[in-house]
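Participant: no sequence for this one, just the structure:
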């Protein structure tokens, strides 16, 4: 039944402030990263042309965008050169997410994203509406989903909350080599455009804090390189700390009868609901330092969410193992196995050979021009050590209707894949695996990424065939029960 007030509405008038703010930021970046006057003049001309063309188009987009929402559907009319009408029935809505960045919180606006299970991106995006309007839209679209009794409502207190002390502690553990690589690239780019001089800055740090004033020749290139790496590592850790703190500030998750409700974020506040049926599997992450203190991070691999999140949503960003075992089965049932089966020991031989080739190839190439490259052969024992550690960290278990897979040394992963959520089974083997009678068993779930999927590497061929048959038989039985 539709509301009487289901008239067409426009976006918030302060939407233009967001557009202008983004345009100013782009102009400032283009101006500051162009040290030469000729390039600055070109950037200014391009900015003027952009404003002249895109300004009227933005105004037209705002004027042509209209929507109305009832408890039955969301209808949007938009488009300048091509008019589009989009109807989203409320019973197809899987998630209504409200996002508010720093500027939105100042202006009292919000972005509403309406997601269904059919696409990898939001079906409807309202950028921007007022906060009260965003809550009204969310409440109306939720009306059709309320099929449970009043005493089964969402609990008053969260099932899991990241309080400030735990948030600060979790941020301490955050270090990413990806951030380190990005920071190195940014510093090199800033040096290339003349904004900083890395060598002069490092020499100044040495003279001010360690050795006092001295000639620049005193510090060798090796010392400066080591100092650059150490300082960049520290900056990367600081960035990781800040990123984790900003993202998971005031994180909480509530488990309702049909959906999961989450809210988190400091600068950009994200709030939304997620149906249980969209949770395909769990991915529990850790690293050696976190495992030493019994800390883990649990993510939900979901169906149809935005590609920017790659289908993984945080459920418990920083929790004890006992807390994960208490909350995880409420989302999708599983019990932790008592024992795991390791992959074949032949994986040590195969991995050691692969890593040895990765060391020998550059050493042989460099030796033609630099005889000291032969010292790179001292790294060969490391290849065996890494292969042995990977063997110890890679195991699996099929227990209580779930496939558990443990992998990796440093960025450790534990996959929990319910058998009823499997979409495909695959056994493949590379040339070297076939020589050792090994293979890889890979399983796939709906919405999984191309590179991020659970797999067991270097199983014995007969063990893989047995597990494949067992998984398929159980899957067929589960599918038959669900069809009845």
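Facilitator: That came in fine, so what should we check first? Quick caveat: nothing in here was measured; it's all calculated off a predicted structure.
Participant: what helix or strand is residue 260 on?
Facilitator: strand 259-264 (DSSP states H and E).
Participant: Now the element after that strand, going C-ward?
Facilitator: Assignment by DSSP H and E places the next element after strand 259-264 at strand 269-275.
Participant: And the contacts of that next one?
Facilitator: Residues from elsewhere that reach strand 269-275 (C-beta atoms under 8 Å, 6 or more residues apart in numbering): 94-100, 105, 113, 142, 256, 258-264, 300, 302, 313. No exception for glycine: its C-beta is placed from N, CA and C like everyone else's.
Participant: With stretch 52-67 instead?
Facilitator: By C-beta under 8 Å, 6+ apart, the list of residues contacting stretch 52-67 reads 8-11, 15-16, 19, 74-80, 83, 126.
Participant: how about the strands of the stretch 51-200 of the chain, start to end?
Facilitator: Remark: strands assigned in the stretch 51-200 of the chain by DSSP state E, counting those that start in this stretch are 66-69, 73-78, 84-89, 95-100, 109-115, 124-130, 160-161.
Participant: The second one packs against which elements?
Facilitator: Using 3 or more C-beta pairs under 8 Å, 6 or more residues apart in numbering; DSSP states H and E as the contact criterion, the neighbours of strand 73-78 among helices and strands are helix 37-64, strand 66-69, strand 84-89, strand 124-130.
Participant: Of those, flag the one that's most buried.
Facilitator: strand 124-130 (a mean of 21; mean count of other C-beta atoms under 10 Å).
Participant: Tell me which residues are up against it.
Facilitator: 11-12, 14-15, 18, 67, 74, 76, 86, 88, 104, 107-114, 134, 137.
Participant: Redo the strands of the stretch 51-200 of the chain as a markdown table? Include distance to residue 362 and mean pLDDT.
Facilitator: Compiled in a markdown table, the strands of the stretch 51-200 of the chain are given as follows (distance: least, C-beta to C-beta, whole Å; pLDDT from 0 to 100):
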| stretch | distance to residue 362 | mean pLDDT |
| --- | --- | --- |
| strand 66-69 | 58 | 87 |
| strand 73-78 | 54 | 86 |
| strand 84-89 | 54 | 84 |
| strand 95-100 | 46 | 82 |
| strand 109-115 | 46 | 85 |
| strand 124-130 | 48 | 86 |
| strand 160-161 | 47 | 90 |
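Participant: what comes up buried for stretch 438-458?
Facilitator: 438-441, 443-448, 453-458 (16 or more other C-beta atoms under 10 Å).
Participant: Run through who's touching it.
Facilitator: Contacts of stretch 438-458 (C-beta under 8 Å, 6+ apart): 120, 280-281, 301-305, 310-312, 343-344, 346-347, 350, 394, 396, 403, 405, 407, 415, 417, 421-429, 433, 459-461, 464, 467-468, 471.
Participant: distance between the ends of it?
Facilitator: 5 Å (C-alpha to C-alpha, to the nearest Å).
Participant: tell me the mean pLDDT over that stretch?
Facilitator: Taken as a whole, stretch 438-458 carries a mean pLDDT of 81.
Participant: Buried ones among the contacts of stretch 52-67?
Facilitator: Buried among those (16+ other C-beta under 10 Å): 9, 11, 15, 19, 74-76, 78, 126.
Participant: Show me the two of the residues you listed that sit farthest apart.
Facilitator: 19 and 75 (24.2 Å; C-beta to C-beta).
Participant: What separation do you get for the residue nearest to residue 402 when sequence neighbours are not counted and residue 328?
Facilitator: Residue nearest to residue 402 in three dimensions, not counting chain neighbours: residue 334, with 4.6 Å by C-beta to C-beta, 6 or more residues apart in numbering. Applying C-beta to C-beta, to the nearest Å, the value for residue 334 to residue 328 is 6 Å.
Participant: Can you check which residues contact both of these two?
Facilitator: In contact with both residue 334 and residue 328: 282, 416, using C-beta under 8 Å, 6+ apart.
Participant: Need the pLDDT of the closest residue to residue 296 other than its chain neighbours.
Facilitator: Nearest non-adjacent residue to residue 296, counting by C-beta to C-beta, 6+ apart: residue 286, 4.9 Å away. Looking at residue 286, its pLDDT stands at 93.
Participant: Residue 286 contacts residue 294, correct?
Facilitator: No - in this structure residue 286 lies outside contact range of residue 294 using C-beta atoms under 8 Å: 9.3 Å.
Participant: In the stretch 251-400 of the chain, mark out all the helices, start to finish.
Facilitator: 288-292, 321-331, 346-367, 380-393 (DSSP state H, counting those that start in this stretch).
Participant: how about those in CSV, adding distance to residue 235 and mean neighbour count?
Facilitator: Formatted as CSV, these follow (distance: least, C-beta to C-beta, whole Å; neighbours: other C-beta atoms under 10 Å):
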stretch, distance to residue 235, mean neighbour count
helix 288-292, 19, 12
helix 321-331, 32, 15
helix 346-367, 28, 16
helix 380-393, 27, 15
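Participant: shaky segments in the stretch 51-200 of the chain?
Facilitator: Scanning the stretch 51-200 of the chain with the threshold set as pLDDT under 70 gives 117-122, 142-157, 193-195, 199.
Participant: List the buried residues of stretch 176-186.
Facilitator: For stretch 176-186, by 16+ other C-beta under 10 Å, it's 176, 179-180, 183.
Participant: what does stretch 410-419 give?
Facilitator: For stretch 410-419, using 16+ other C-beta under 10 Å, the buried residues are 412-419.
Participant: do the same with stretch 461-481
Facilitator: For stretch 461-481, by 16+ other C-beta under 10 Å, it's 461, 463-464, 467-468, 471, 474-475, 478.
Participant: Residue 48: which of those is nearest?
Facilitator: Of the buried residues of stretch 461-481, the one sitting nearest to residue 48 (C-beta to C-beta) turns out to be residue 475, at 61.2 Å.
Participant: Pretty sure the closest one sits in a helix.
Facilitator: Yes - under DSSP: H, G, I helix; E, B strand; the rest coil, residue 475 sits within a helix.
Participant: ok, it - contacts?
Facilitator: Applying C-beta under 8 Å, 6+ apart, the residues contacting residue 475 are 419-420, 422, 425.
Participant: which residue sits closest to residue 273, ignoring its sequence neighbours?
Facilitator: With C-beta to C-beta, 6+ apart, the residue lying closest to residue 273 is residue 259, at 4.4 Å.
Participant: Quick one: neighbours of the one you found, just the number.
Facilitator: Using other C-beta atoms under 10 Å, residue 259 is surrounded by 19 other residues.
Participant: cool, and residue 197?
Facilitator: Residues near residue 197, counting by other C-beta under 10 Å: 12.
Participant: check contacts around it.
Facilitator: Neighbours of residue 197 in contact, by C-beta under 8 Å, 6+ apart: residue 191.
Participant: can you give me the strands for the stretch 351-484 of the chain?
Facilitator: Under DSSP E, counting those that start in this stretch, the stretch 351-484 of the chain gives strands at 395-399, 402-407, 412-418, 422-428, 438-445, 455-460.
Participant: quick revisit: compile the helices of the stretch 251-400 of the chain into TSV and extend it with columns for distance to residue 251.
Facilitator: Below are those laid out as TSV (distance: least, C-beta to C-beta, whole Å):
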stretch	distance to residue 251
helix 288-292	17
helix 321-331	13
helix 346-367	37
helix 380-393	28
